[in-house]
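[1] Fold the following for me, if possible:
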Amino acid sequence: MMLAPNTTRKVIRVDKTFVGPAEPRKRTVCSKRLSDYPSVSKAHLDAAKTLSSPLLMGPPICDELIAFIEHTFTEDEAEMVEYLSAIRGRTAAQIARRARRPLDDIEPILDRLAFEKRAIGCEETDGKRRYRLMPIMPGIFEMVLVGESPETLSDWHRRFAELFEALFETGYSVDYQDRQSPFIRFLPVGRITGGHPMALPSDQLEVILDRYDAFGLGHCQCRMSTPPTGVGCGRPLEVCTIFGQWAEQGIQAGCLKQVSRKNVLEIKREAESHGLVTWVINIESTKGQASCSCCGCCCKAMRAVTEFNAPGIMAPPHFMPKFDETSCKHCGSCAKACPMGAITLDRQQKILQHQPARCIGCGLCQLACEKQKAIEMQTVPEYRVPYKSWFSMLLRNAPSMLRTSWKVWRQR
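    The predicted structure follows:
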């Protein structure tokens, strides 16, 4: 499924003399205090305080956050946020005791948040539901929209998307962008890895899919959230895929459509033909995996780089392009194809520059240069393979995450 584009964000600037990244957006977030909002309910202010925590990668208290919280949660729902934990789920009975309210009052509110709005997490073990707090991003934003489609988006969802976009555009997430914590990685497009002698199993989507038996499909939350704001690229939407136990849970919850391994490969290859690139979580876990096909103009992770020129949370790539100046005609095709604005071309001076810090190693530049064959994807010697498990990822990244949280807390 595709949407007709409205106004497309300009990731690449093209004129007579220049092809390259657009000017970076300035960080505009304006921190305030809770006392600056006397007309806002205590429950909403408490929820804003909880979700602004640097440990949850939250934004500072600001007008955009307060507006987002007031829309996302009713006053009764906002009161629940204070009693939830982001690490361990809590039963309705435990939350009722903390809130000092009857269980019969609490349980319907929690179920509405978990299953209707999907604004909190819920897992069922030993016959008991355990509710968990999620960060705003990644977390609430993705889960609220993943089970929707353009046809099912209500006015509430559209306003949710608008308010989240306003919050994102403040640039608050830049505070947490750190390539020392590479949580996601991008795969080279299939036409690159298929014939490359140095491609690893972890570079190939076909091999990654072999670990799983269940596959679920949803709509890309980032591209689906842009049309309500008047901006969108119109590229395919049904590209968000979940594998393994996570897929089984999403299918059972009704927010994912069950598909086959073959379907996933067809969907991803079709997405690549539209200039989209595939990311996966930077682990080789067999329990579950997530993947979407992204564009530099809509994807929130990529926009940290393409719009704010921040390092990003993407793992350094396995491949980087090598340019043959003798074969290059300086046509700019590679720079126009790059979803990250990692290639700059001065047409007058016939100078081409590559910015490795922005590059995700997708190989779209090589495909755009098939006629001239002036680009070859080569392996990066210091490349680190994906983490073996969630535990190893957290063990490696916990120190830098805590340092970043401490730095943000001090700045505020």
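[2] Return the top strand by length along the chain as CSV; C-alpha atoms alone will do.
    Longest strand in the chain by number of residues (criterion: DSSP state E): strand 288-294. Provided in CSV are the C-alpha atoms of strand 288-294 (Å, rounded to 0.1, in the frame of the first residue of the first chain):
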residue,chain,number,x,y,z
GLY,A,288,12.2,-12.1,18.2
GLN,A,289,13.3,-9.5,15.7
ALA,A,290,11.9,-6.4,14.1
SER,A,291,12.5,-4.8,10.7
CYS,A,292,11.2,-1.9,8.7
SER,A,293,12.0,-0.4,5.3
CYS,A,294,12.9,3.2,5.7
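[3] any idea how far Asp46 is from Ala86?
    Between Asp46 and Ala86 the computed distance is 15 Å (CB to CB, to the nearest Å). Where C-beta positions appear, they are placed from N, C-alpha and C, glycine not excepted.
[4] Show the contacting residues for the spatially closest residue to Gly232 that is not a sequence neighbour.
    Distances taken as CB to CB, 6 or more residues apart in numbering place Thr226 nearest to Gly232, at 4.1 Å, with adjacent residues excluded. For Thr226, the contact set (CB atoms under 8 Å, 6 or more residues apart in numbering) comprises Asn6, Ala161, Glu165, Gly232, Cys233, Cys298.
[5] Make a PyMOL selection of the buried ones in the residues you listed.
    Here is the PyMOL selection string for the buried members of the contacts of Thr226, based on 16 or more other CB atoms under 10 Å:
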select buried, resi 161+165+232+233+298
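[6] From the contacts of Thr226, which land in strands?
    Among the contacts of Thr226, no member falls in strands (DSSP E).
[7] what's in contact with stretch 197-217?
    Defining contact as CB under 8 Å, 6+ apart, one finds that stretch 197-217 is touched by 187-188, 190, 192-194, 238, 240-248, 250-251, 256-261, 263-265, 267-268, 278, 280, 284, 286, 289, 291, 318-319, 379, 385-386.
[8] Just the buried ones from those?
    Buried by 16+ other CB under 10 Å: 187-188, 190, 192-193, 238, 240-248, 250-251, 256-257, 259, 264, 267-268, 278, 280, 284, 289, 291, 318-319, 379, 386, out of the contacts of stretch 197-217.
[9] CSV for the contacts of Thr226, including distance to Glu148 and pLDDT?
    CSV is the format used below for those (distance: CB to CB, whole Å; pLDDT from 0 to 100):
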residue, distance to Glu148, pLDDT
Asn6, 18, 55
Ala161, 10, 94
Glu165, 16, 93
Gly232, 15, 74
Cys233, 18, 84
Cys298, 16, 90
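[10] Ser392: which of the contacts of Thr226 is nearest?
    Taking CB to CB as the measure, Cys298 is the one of these closest to Ser392, at 31.0 Å.
[11] residues in contact with that closest one?
    Arg9, Cys220, Cys222, Arg223, Thr226, Gly232, Cys233.
[12] now do 7 Å
    Applying CB atoms under 7 Å, 6 or more residues apart in numbering to Cys298 gives the contacts Cys222, Arg223, Thr226, Cys233.
[13] Good, wrapping up.
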